[in-house]
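Trainee: Got a sequence here, can you build the structure:
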Amino acid sequence: MRIPHLVACMLALLFVCLASRADAQCGVNPSNCCFANNGRGCIEPTCCQEVCAIDPFCCTTRWDALCASRAQANCGVCGVGCGNPSAGNCCAPKTTPACADAPCCTIVCAQDPFCCDVQWDQFCAAAAEQICGACANPCGDPDAGDCCVPQQGPGCNNADCCEGVCAGDPFCCDTQWDAVCAQTAQLVCGVCGIGCGDPAAGDCCEAHPTPACADPACCVPVCATDSFCCDVEWDAKCAALAVEFCGACGDQCGSPITGACCVPHDGPACDDASCCETVCAADSFCCEVEWDEFCAGAAQNSCGVCGIGCGDPATGSCCTARTTPSCSDALCCEAICSLDGFCCEAEWDQVCADAAAILCGDCDGACGGPAGGDCCAPHATPGCSDDRCCLSICVVDPVCCIESWDQICAKTALAVCGNCGPGCGEPGSGDCCAAHETPSCEDSTCCLAVCVADPFCCESAWDEVCAATALKSCGACVGSCGSPTAGDCCKPHTNPACSDAACCNLICGADPFCCNIEWDSMCADAAAAACGLCAAPGDLNGDGVVDPSDLTILLNSWGGPAGDIDGDGVTGPADLVLLLNSWG
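Mentor: As a prediction, this is how the structure comes out:
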C-alpha cells in the first residue's frame with residue numbers, strides 16, 4: 001500500500017531525504033531492475049537509485065510493476081525503448097526500434113541488438129513470435145495471470161472476461177494488463193470473488209475483519225491500491241484509504257475532501273477526525289447538514305488545531321518561504337500540511353513553498369492552473385483544472401501531479417470528485433445499455449468501467465459507442481435488447497430480451513413481457529414471424545427450404561439432440577410434426 005511520505009521527501013526531485021535509505025537497497029537485491037520482484041530495490045545500482053529517487057516505494061517497500069516500468073522507460077538497461085507503449089506491437093514489423101512488451105523486447109534485443117538500435121523489422125517480429133509467445137491471443141492463456149490483478153504482460157487467464165475488457169480497452173490485450181484493466185475486470189466480469197458491492201461486505205469507511213466493502217465504486221480502487229483489502233481483511237489501513245479518496249466517505253469525519261475544521265464550508269464534517277467528532281458530539285448539525293460558521297467557531301475554541309491559520313490572508317502567500325506557519329490559500333495550505341505538518345505547526349519554509357510550486361495553481365503548480373487538463377480524463381501533463389479534486393487525489397498519489405494525469409488518476413477522479421458530468425449512478429442519468437444525449441448512466445459500476453475506457457461518455461454524451469461498450473462489457477445489460485448475452489431472438493430462453501436490438505425492440509413494443517420477464521416461446525414465435533431473422537422450423541441444414549434433406553437429418557438424429565426443433569433437447573415425434581408443417 002503506498003502511503004505518502006512527508007512533502008520534503010515526496011515531491012518532484014525533492015526526495016533527497018529518502019536517498020540514503022533507498023541507496024541502501026540498491027545493488028543488494030540480485031533481481032533484474034527491468035522486472036517486478038517481491039523484494040526492495042534491484043541489482044543495477046545506478047538504475048535503482050534513479051528509480052527510487054522518483055518513487056521511494058520501490059526501495060522502501062517493494063520493486064513492483066510500476067518500478068520496473070520506470071526502469072524500462074528511464075534507465076537504458078532494458079533495451080532501447082523497450083516497454084514504451086508507443087513503441088508498438090512486438091508482433092508487427094515497423095520502421096522504429098523496440099516494442100511495447102518490455103520482457104519480450106529485452107529478450108529479442110539481447111539476441112539481435114539491431115531490433116533495439118535501428119529498426120524492429122520482420123526478423124525481429126518473427127523472433128518475438130518464436131521466442132516470446134507474445135503473438136498468441138493472450139485471452140484465456142493459463143499463464144497470462146489473474147484477470148483481477150495487474151499483470152506485466154497483456155491479457156489474462158479468463159477468456160470471456162479478458163475479451164470483454166479488451167473490447168473496451170485494447171491496450172489491455174495489446175500491451176499490458178495494467179491496474180486499469182484489472183479494475184475494469186473487478187467491476188464488470190463477476191469473476192474476481194472479492195466481494196466488492198456485496199451489501200453484507202461492510203462499510204468502506206470503517207475497518208472490519210472480513211475482506212471488501214459494500215460500495216463497489218470505492219472498494220475497487222482501494223483494492224487495486226492494496227489487494228490485501230479484498231483478499232484478506234478490510235483493516236484500518238483499507239478504511240483510511242477509503243476515507244482518503246472515496247466519495248462514499250466524503251461526508252465523514254477525517255475525510256480530506258470534506259474541508260478544514262477551522263473554516264466554514266458547504267458540506268458536513270471536516271478533515272480532522274478527532275476535532276470533527278468532538279464538535280459533532282455537541283452539535284450534530286455539523287456532521288449531518290453543514291459545517292457552518294458555528295461549527296468552525298467551535299473547532300477554533302475547543303480542538304487546538306486551528307492555530308495554523310490556513311486561509312488567513314495575514315499568513316502570506318503559499319508560494320513564498322517565511323518563518324511563520326501556514327499560508328493564505330486554504331486549499332493549498334491544507335493539502336501541503338496534510339503531507340508535512342511542519343508547514344502549519346512551525347514555519348512555512350522553503351520545502352513547503354517548493355511543494356506549493358509543484359501542487360498549487362496559484363504558484364504555477366499542477367492543480368487548478370489555467371493549463372490543467374480535465375480531471376475526469378487522462379492526459380500527458382501532471383495535475384488537472386479542478387484544484388480541490390486535483391489536490392485531494394495528489395496527496396494520495398503524487399505521481400498524478402508530478403509526472404502525468406494518467407488513467408488511474410482519471411479513474412479516481414471519476415469515482416470520488418463528483419464533478420465528472422451528472423454522475424455515474426445518479427437516478428435519471430439514463431440506461432447504460434441504450435444511447436442518450438446526456439453523459440453517464442444509472443448503473444455506477446458499468447458507467448465507471450465504460451468512462452475509464454472512453455471519458456467522452458461521462459463528459460459529453462452517452463452515445464451509441466458508449467452503449468455498445470456497455471452491452472459488451474457490463475453485466476447490467478444482460479436483459480437488454482442487443483446484449484450479446486441476451487440470447488437468440490428465434491429461440492425461447494428464461495431471461496428477458498434478445499441479442500438483435502432491432503428485432504427485440506419491435507417485439508417488446510408489442511409485448512413488454514418479452515423484455516420485462518422472459519423471452520418465452522410466444523416471443524420467439526413473434527420474432528420468427530416479424531423479424532426475418534429466423535430459419536423456418538425444420539430447416540435443419542440452413543438452406544432456407546424445408547425438404548427431404550432436412551427430413552433425412554431429423555430421422556438420422558432420432559433420439560438425439562441434432563434434429564431437435566421444439567427445444568426439448570431430444571429429436572422425436574413433435575419435431576417431425578413441426579418439420580412436416582413447414583415443408584417447402
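
Trainee: per-residue pLDDT, residue 423?
Mentor: pLDDT for residue 423: 64.

Trainee: does the nearest residue to residue 458 once chain neighbours are set aside count as helix, strand or coil?
Mentor: Spatial nearest neighbour of residue 458, excluding adjacent residues (Cβ to Cβ, 6 or more residues apart in numbering): residue 451 at 3.8 Å. Heads up, the C-betas are built off the backbone N, CA and C, glycines and all. Secondary structure assignment for residue 451 (DSSP: H, G, I helix; E, B strand; the rest coil): helix.

Trainee: Does residue 451 touch residue 461 like I think?
Mentor: No. Contact criterion Cβ atoms under 8 Å: residue 451 and residue 461 do not qualify, at 11.9 Å.

Trainee: Comparing the two, which residue is more hemmed in?
Mentor: Using other Cβ atoms under 10 Å as the criterion, residue 451 and residue 461 rank with residue 451 on top: 27 against 18.

Trainee: how much space between that one and residue 466?
Mentor: According to Cβ to Cβ, to the nearest Å, residue 451 stands 8 Å off from residue 466.

Trainee: So for residue 75, what's the nearest residue that isn't a sequence neighbour?
Mentor: residue 47 (3.7 Å).

Trainee: I meant residue 516, not that one.
Mentor: residue 496 (6.0 Å).

Trainee: who's in contact with residue 564?
Mentor: Each residue near residue 564 by Cβ atoms under 8 Å, 6 or more residues apart in numbering is listed here: 557, 570-571, 575.

Trainee: The residue nearest to residue 458 and residue 469, how far apart?
Mentor: With Cβ to Cβ as the criterion, residue 451 and residue 469 are 10 Å apart.

Trainee: Look up the residues that both of these two are in contact with.
Mentor: Counting by Cβ under 8 Å, 6+ apart, the residues touching both residue 451 and residue 469 are residue 457.

Trainee: so where is the stretch 301-450 of the chain shaky, pLDDT-wise?
Mentor: Low-confidence segments of the stretch 301-450 of the chain (pLDDT under 70): 304-308, 370, 414-425, 445.

Trainee: Recalculate using a threshold of 90.
Mentor: Residues of the stretch 301-450 of the chain that meet the criterion pLDDT under 90 lie in 301-316, 323-347, 358-381, 383-450.

Trainee: what are the ranges of the helices in it?
Mentor: Counting by DSSP state H, counting those that start in this stretch, one finds helices in the stretch 301-450 of the chain at the ranges 330-339, 342-345, 350-359, 387-394, 399-402, 407-416, 444-453.

Trainee: a markdown table for these, including distance to residue 43?
Mentor: Converted to a markdown table, the helices of the stretch 301-450 of the chain look like this (distance: least, Cβ to Cβ, whole Å):
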| stretch | distance to residue 43 |
| --- | --- |
| helix 330-339 | 32 |
| helix 342-345 | 36 |
| helix 350-359 | 31 |
| helix 387-394 | 32 |
| helix 399-402 | 24 |
| helix 407-416 | 28 |
| helix 444-453 | 35 |
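
Trainee: Relative to residue 172, which of those is closest?
Mentor: Nearest to residue 172, of all the helices of the stretch 301-450 of the chain, is helix 444-453, at 9.3 Å by Cβ to Cβ.

Trainee: and the angle for the closest one with helix 407-416?
Mentor: 150 degrees (axes from the mean of the first three to the mean of the last three Cα atoms, to 10 degrees).

Trainee: Using CSV, write out every CA atom in helix 444-453.
Mentor: Output of helix 444-453 as CSV, limited to C-alpha atoms (Å, rounded to 0.1, in the frame of the first residue of the first chain):
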residue,chain,number,x,y,z
SER,A,444,-22.5,3.2,-11.4
THR,A,445,-20.1,0.2,-11.8
CYS,A,446,-20.9,-0.2,-15.5
CYS,A,447,-20.7,3.6,-16.0
LEU,A,448,-17.3,3.9,-14.4
ALA,A,449,-15.9,1.0,-16.4
VAL,A,450,-17.0,2.5,-19.7
CYS,A,451,-15.9,6.0,-18.9
VAL,A,452,-12.4,4.9,-17.9
ALA,A,453,-12.1,3.4,-21.4
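
Trainee: Could you list every helix and strand in contact with that helix?
Mentor: Contact partners of helix 444-453 among helices and strands, from 3 or more Cβ pairs under 8 Å, 6 or more residues apart in numbering; DSSP states H and E: helix 159-168, helix 179-188, helix 216-225, helix 407-416, helix 456-459, helix 464-473.

Trainee: right, and the ones you listed - which one's nearest residue 334?
Mentor: Closest approach to residue 334 among these is made by helix 407-416 (16.5 Å; Cβ to Cβ).

Trainee: for that closest one, packing partners?
Mentor: Contacts defined by 3+ Cβ pairs under 8 Å, 6+ apart place helix 407-416 against helix 179-188, helix 216-225, helix 236-245, helix 387-394, helix 399-402, helix 444-453.

Trainee: In terms of secondary structure, what does the second one contact?
Mentor: Counting contacts by 3+ Cβ pairs under 8 Å, 6+ apart, helix 216-225 packs against helix 179-188, helix 228-231, helix 236-245, helix 407-416, helix 444-453.

Trainee: model confidence over the second one, on average?
Mentor: Summarised as a single mean, pLDDT over helix 228-231 is 76.

Trainee: now swap in the third one and tell me
Mentor: Per-residue pLDDT values across helix 236-245 average out to 71.

Trainee: Between helix 330-339 and that helix, find me the angle.
Mentor: 160 degrees.

Trainee: Need the contact partners of the next helix or strand after helix 236-245.
Mentor: For helix 236-245, the succeeding helix or strand toward the C-terminus, using DSSP states H and E, is helix 273-282. Residues outside helix 273-282 that contact it (Cβ under 8 Å, 6+ apart) are 253-254, 258, 261, 269-270, 286-287, 295, 298-299, 302-303, 305.

Trainee: what does stretch 504-518 give?
Mentor: For stretch 504-518, contacts defined as Cβ under 8 Å, 6+ apart pick out 479, 481-482, 486, 489, 493-498, 520, 522-523, 526-527, 530-531.

Trainee: Need the buried ones from these selected in PyMOL.
Mentor: Command for PyMOL, covering only those of the contacts of stretch 504-518 found buried under the criterion 16 or more other Cβ atoms under 10 Å:
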select buried, resi 479+481+482+486+489+493+496+497+498+523+526+527+531
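
Trainee: From the contacts of stretch 504-518, which land in helices?
Mentor: Per DSSP state H, helices hold the following members of the contacts of stretch 504-518: 522-523, 526-527, 530.

Trainee: Distance to residue 154 and pLDDT added to those, as CSV?
Mentor: Below are the ones in helices among the contacts of stretch 504-518 laid out as CSV (distance: Cβ to Cβ, whole Å; pLDDT from 0 to 100):
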residue, distance to residue 154, pLDDT
522, 45, 89
523, 40, 91
526, 43, 89
527, 39, 87
530, 43, 84
